[in-house]
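> Could you work out the structure for the sequence below:
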Amino acid sequence: MNKNVAIVHYNTPELTEAAIRSLWKRTPDAAVTVFDNSDRHRFRAMDGIRILDNTTGRLVDFGAMLGRYPDKIPTACNWGSEKHIASVDYLFDVLPDGFVLMDSDVLVKKDITPFFDPSVSWVGAVEYQPKFWFQAVRCYPFLLWINVPMLRKSGIRFFHPGFVYKMSHQGPPYFDTGGSLYRDCHAAGLPCREVDIWQYIEHLGGASCYPTKWHEWLEKHKDLYM
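Modelled structure (predicted):
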C-alpha cells in the first residue's frame, strides 16, 4: 500500500524540513504531503514533496470558520487546535487511501512502516488523562495512522465543530486534535491498535507558541535528520 504521510506546516520551515528528512532517513518510500498553513514563514519547496497551499486561507478559510462562533473563547496559540483539526479533515479528501499524520515538530527515530495498517481504523497512542479537566480523551496527533477508507464507511470525519474546544457551546469535555477520532471510532466499534509512539519520535511540543525554542532542540537531535 502507499505510505502516505501528511504534515500540517505552520511557522517554522526548518522544523518541517528536519521532520521530513528524519522520516526519509528511516522510511525512504514514504510519500509526503505538506498542508501549508503559514502566511509568514511558508514551507520551502523540497524535491518529492507535495505542497497544498493554504496560505491566506485558500483551501480552508479559518476566518470564516471561526466567524461562525461569535461567543468563542479567545484563548490559546492563534486557534491552533481548531485550525489543525480542520486541516486534517481536509486531508481526508486529498489522501482517500489513508495516511499517517505527523506533527511538524517531531523527528522520526525508526521506520514507521508498522503504522500503515489497513486492518484497523487508527494506529497510535491515546491521551487517557488530558492535561486540562475540560478536554476529552484523544488519540495523540504527533504520529497517527488514519484509515480514511474504513472511516468513510462509518461516516466518520476528523472535525466536529460543535464540540471543539474554544468553538463549542455544548459544554465539556471538549475535543482537541484527535478527540473526535477516538470517540467516533470506539462508538462505531471499529478496530484500532495502540502503540508506544515515543519509541518512534522525538517531539518538541509547543513549537508554534515558542518561536525560538526549536534552535537548540534541532541542534541536540541533528543525528536524527542529518
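> Now for Glu17: which residues touch it?
Counting by C-beta atoms under 8 Å, 6 or more residues apart in numbering, Glu17 touches Phe43, Arg44, Met46. C-beta coordinates here come from the backbone N, C-alpha and C atoms, glycine included.
> Just after the one helix or strand in the chain whose mean pLDDT sits lowest, pick out the following helix or strand.
Lowest on mean pLDDT, DSSP states H and E among the helices and strands of the chain sits helix 62-67, with a mean of 79. Scanning forward in sequence from helix 62-67 by DSSP states H and E, the next helix or strand is helix 80-94.
> quick one: that following helix to chain centroid distance?
Its chain's C-alpha centre lies 8 Å from the corresponding centre of helix 80-94 when counted by C-alpha atoms, centre = their mean, to the nearest Å.
> for stretch 140-156, same thing?
With C-alpha atoms, centre = their mean as the basis, stretch 140-156 stands 12 Å off its chain's centre.
> What residues sit buried inside it?
For stretch 140-156, the neighbour count (16 or more other C-beta atoms under 10 Å) marks Tyr140, Pro141, Phe142, Leu143, Leu144, Trp145, Ile146, Asn147, Val148, Met150, Leu151, Ile156 as buried.
> What lies in contact with it?
84, 88, 92, 95-103, 106, 108, 112, 115-118, 120-127, 157-158, 177-178, 181, 184-185, 188, 190, 197, 200-201, 203.
> Report the separation between the closest residue to Leu91 other than its chain neighbours and Phe159.
Leaving aside its sequence neighbours, Leu91 sits nearest to Ala6 (C-beta to C-beta, 6 or more residues apart in numbering; 5.0 Å). Separation of Ala6 from Phe159 (C-beta to C-beta, to the nearest Å): 14 Å.
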